[in-house]
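>>> Output the structure for:
(chains A and B)
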Number of protein chains: 2
Amino acid sequence: MLTLDLIYEAASQIGGRIYQTPVEESHVLSELMGVPVWLKLENTQVTGSFKARGALFSLIQAQKRGQNHVATCSAGNHGKGVAWAASVLRMEATIFVPASVDPVKVNGIRKHGANVHISAFDGYDETEAWAKLEAERLGLPFISAFDDFDVMAGNGGTLALEILNQVPGVQSVVLPVGGGGMASGVSFVLKEQSNAQLVVCQHQESAAFYHSVQKGYSVLTMPPIQTLASGLEGGFGLNTFEVLKNRFDHIHLVDEPSIRKAMVWMIKEHQWIVEGSAAAAVAACLDASFPKSAGPIVVVISGRNVALATVQDVLNRP
Amino acid sequence: MLTLDLIYEAASQIGGRIYQTPVEESHVLSELMGVPVWLKLENTQVTGSFKARGALFSLIQAQKRGQNHVATCSAGNHGKGVAWAASVLRMEATIFVPASVDPVKVNGIRKHGANVHISAFDGYDETEAWAKLEAERLGLPFISAFDDFDVMAGNGGTLALEILNQVPGVQSVVLPVGGGGMASGVSFVLKEQSNAQLVVCQHQESAAFYHSVQKGYSVLTMPPIQTLASGLEGGFGLNTFEVLKNRFDHIHLVDEPSIRKAMVWMIKEHQWIVEGSAAAAVAACLDASFPKSAGPIVVVISGRNVALATVQDVLNRP
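Below is the predicted model:
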């Protein structure tokens, strides 16, 4: 179960090993939105994304249970986070990744010494189904990329505690949502400890949370799509849905061209390379239909793991 | 005079307002150089470069002297640092910049509320000469971008203290050198508190420190050149030369194509946009003629303030 105690436990366990990433005002967004807008720079996090938080906490928990070799499935950042956490904790990690994975992410995983298995499937959901069977066959405990309370506490819970501390009086948090690991943890802390609104951003062609809310139950799988925002692709979690369904205020859907433009915008205005999933939250803020909000607003910039060819491509065809 | 006391004073005064930036291992450079290589990420510093350190400390010192409006001349990062520091301290700043300045840097300065005056000259040295006359005419104290003990203590001194703390046993520090503000402060701390070697990297077409060492006196001006590494262009300082001349171990000269390639390399391998001056230190490490060194090595990544058009250009013509 997700509790404040678990979240404080996560913050205390991972504190010395992950960064309290900075918040940076976006003067351009502040002017556009009429209130101060701060970027929470998880692109500067160790491993290049917030996923290091939850990965480290869940591996610490696994180690406490006597497990020294874990398996996971990840489109990239969670895998890199688990690989890094395993090297920090001197554990072994086996990572299953979709065939469509960004090569920079596979390199990021391998350099930490983890075993990588590339799936025959392009989509996340099929790959995860296969990965769970493989992990069982190998006798390895499987660490979910998002639908796990330790991951939620680490990824989103610890992040939200920092946001409340760094931007006192924050009125709104805007973040990208894939499987819901970060969003659920953030939502839990925000609703317990602040009056801030939560705006969750999804890809309109893979809006699992949006569809889950419509239907009233978690949509666990979605057809694979081609997108720069691979972290937003795929189904939602059972546990994350239970946490998030009553703790969000607005869902904002963005399309592929706006994600691409937001990646270029972040380079132009902030000199940050960010991945498509991070750009989705920026794209929402740049969207004329984004709901008016009180400030300060915090936008979570979730990661920076993008291949050079992708950066070149978005800059040449913005 | 530069002293350890002044450097500790700087560290204590600016501590809560600048970031202790992370160090990140470059696995690719570690493999290439055969020893652990760490990047000191001043590209993630507030204002996007290490210059925030010295600017803040020198404005704190000016404020103590009762000065509430200062002038400076800067190719960009120092100006942005001074503008930011002035806004933090509620002071006024007037910044003179060369005609050739990168537009992203002018925007970075203006958004902090400073007055910007663009020179008729392309080169740094002519602009500085003009700026000093203008400041005198306006009755404003002039804050040097580098040839000032407060700036040296803030920019290089506080940076070196962090490096010694973050990478215990560091054997070599590699950094880019323009006017010597950062290098002199770093050199002072390294020689007082460690056995680390200092490798200073200069642009071969504007190698003021190299020529100063050859001649035995500081070369105060250099002809302007066209380069991506605008922070490395121009003459050396009188005071910085006195500090640095007996406190460095090796000068490594790099050319324009290698700087360009290193900018692309940093995007490819680390997903960081870095400016040409920062890339110069990386270019040195990637150079086959770079001297063998014991490790760990720390490479100072000095800043990230680059215009979008420049990023597009280096990616399209690496």
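>>> Residues of the stretch 201-318 of chain A that sit close to chain B?
A:264, A:267-268, A:271-273, A:304-306, A:308, A:311-312, A:315-316 (Cβ under 8 Å from any Cβ of the partner chain). Glycine gets a C-beta too; all of them are placed from N, C-alpha and C.
>>> which element is the residue of chain A most remote from its centre on?
If you look at how far each residue of chain A sits from its centre, by Cα atoms, centre = their mean, the farthest one is A:Arg137, at 28.3 Å. Using DSSP states H and E, the element containing A:Arg137 is helix A:124-138.
>>> for that helix, which positions count as buried?
A:Tyr124, A:Asp125, A:Glu126, A:Thr127, A:Glu128, A:Trp130, A:Ala131, A:Lys132, A:Glu134, A:Ala135 (16 or more other Cβ atoms under 10 Å in any protein chain shown).
>>> Could you double-check that the third one sits in contact with A:Ser100?
No: A:Glu126 lies out of contact with A:Ser100 (Cβ atoms under 8 Å); the separation is 10.8 Å.
>>> list the residues that contact both of those two?
Taking Cβ atoms under 8 Å, 6 or more residues apart in numbering or on different chains as the criterion, A:Glu126 and A:Ser100 both touch A:Pro224.
>>> can you give me the end-to-end distance of stretch A:237-255?
End-to-end span of stretch A:237-255 (Cα to Cα, to the nearest Å): 22 Å.
>>> what's the offset of that stretch from the middle of its chain?
13 Å (Cα atoms, centre = their mean, to the nearest Å).
>>> for chain B, what are the nearby residues on the stretch 51-200 of chain A?
So the stretch 51-200 of chain A meets chain B at A:Val104, A:Lys111 (Cβ under 8 Å from any Cβ).
>>> Show me what residue of the stretch 101-250 of chain A gets nearest to chain B.
Nearest residue of the stretch 101-250 of chain A to chain B (Cβ to the nearest Cβ) works out as A:Lys111 at 4.5 Å.
>>> Which other helices and strands does the helix holding A:Arg137 contact?
strand A:69-73, strand A:92-97, strand A:142-143 (3 or more Cβ pairs under 8 Å, 6 or more residues apart in numbering or on different chains; DSSP states H and E).
>>> hey, where'd the strands end up in the stretch 201-318 of chain A?
Taking DSSP state E, counting those that start in this stretch as the criterion, the stretch 201-318 of chain A carries its strands at A:250-254, A:297-301.
>>> Please state the mean pLDDT value computed over the first one.
For strand A:250-254, the mean per-residue pLDDT is 98.
>>> Would you mind listing the residues in contact with the closest residue to A:Ala135 other than its chain neighbours?
Of all residues not flanking A:Ala135 in the chain, A:Ala71 sits nearest, at 3.8 Å (Cβ to Cβ, 6 or more residues apart in numbering or on different chains). With contact set as Cβ under 8 Å, 6+ apart, A:Ala71 has these partners: A:Ala93, A:Thr94, A:Ile95, A:Phe96, A:Ala131, A:Glu134, A:Ala135, A:Leu138, A:Leu140, A:Pro141, A:Phe142, A:Ile143.
>>> Tell me the spacing between A:Ala71 and chain B.
According to Cβ to the nearest Cβ, to the nearest Å, A:Ala71 stands 23 Å off from chain B.
>>> still on that earlier bit, most packed of the strands of the stretch 201-318 of chain A?
Most buried of the strands of the stretch 201-318 of chain A, by mean neighbour count (mean count of other Cβ atoms under 10 Å in any protein chain shown): strand A:297-301, with a mean of 27.
>>> Give the partner strands of it in its sheet and their orientations.
strand A:37-41 (parallel), strand A:172-176 (parallel) (DSSP bridges).
>>> List of residues touching the helix or strand of chain A with the lowest mean pLDDT?
Taking mean pLDDT, DSSP states H and E as the measure, chain A has helix A:103-110 as its least confident helix or strand, at a mean of 81. Helix A:103-110 has contacts (Cβ under 8 Å, 6+ apart) with A:47-48, A:75-77, A:79-80, A:83, A:95, A:97, A:116, A:118, A:305-308, B:268, B:271.
>>> again, 10 Å this time
Helix A:103-110 is contacted by residues A:47-49, A:74-84, A:93, A:95, A:97, A:101-102, A:114-116, A:118, A:230, A:275, A:303-311, B:27-28, B:268-271 when judged by Cβ atoms under 10 Å, 6 or more residues apart in numbering or on different chains.
>>> Let me know the angle separating that helix from strand A:92-97.
Between the axes of helix A:103-110 and strand A:92-97, defined by axes from the mean of the first three to the mean of the last three Cα atoms, to 10 degrees, the angle is 160 degrees.
>>> Quick one: name whatever helix or strand follows helix A:103-110.
Next along from helix A:103-110, by DSSP H and E: strand A:115-118.
>>> Okay, now the sheet partners of that following strand, with direction.
strand A:92-97 (parallel).
>>> average pLDDT across the strand it pairs with?
Mean predicted confidence for strand A:92-97 is 95.
>>> just the angle between that strand and strand A:69-73, please?
10 degrees.
>>> tell me the angle of strand A:92-97 relative to helix A:124-138?
Here strand A:92-97 points in a direction 150 degrees away from that of helix A:124-138 (the same axes, to 10 degrees).
>>> pLDDT weak spots in chain A?
A:75 (pLDDT under 70).
>>> how far away is A:Leu41 from A:Thr21?
5 Å (Cβ to Cβ, to the nearest Å).
>>> Neighbour count for those two, which is higher?
A:Thr21 (24 against 21; other Cβ atoms under 10 Å in any protein chain shown).
>>> Break chain A down into its domains, please.
Following automatic domain parsing, chain A resolves into domains at A:4-49+A:149-316, A:51-143.
>>> Let me have the ones you listed in TSV, adding distance to B:Ser184 as columns.
Formatted as TSV, these follow (distance: least, Cβ to Cβ, whole Å):
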stretch	distance to B:Ser184
domain A:4-49+A:149-316	27
domain A:51-143	35
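>>> I'd assumed A:Thr94 was in contact with A:Leu138.
Yes: assessed by Cβ atoms under 10 Å, A:Leu138 is found in contact with A:Thr94 at 7.1 Å.
>>> quick one: common contacting residues for the two?
A:His69, A:Ala71.
>>> Tally up the residues packed near A:Tyr8, please.
A:Tyr8: 15 surrounding residues under other Cβ under 10 Å.
>>> quick one: what helix or strand has it in it?
Going by DSSP H and E, A:Tyr8 is part of helix A:4-14.
>>> Following that helix in sequence, what is the next regular element?
Next element after helix A:4-14 (DSSP H and E): strand A:23-25.
>>> For that next one, list every residue counted as buried.
In strand A:23-25, counting by 16+ other Cβ under 10 Å, buried: A:Val23, A:Glu24.
>>> Could you list every helix and strand in contact with that strand?
strand A:37-41, helix A:158-166, strand A:297-301 (3 or more Cβ pairs under 10 Å, 6 or more residues apart in numbering or on different chains; DSSP states H and E).
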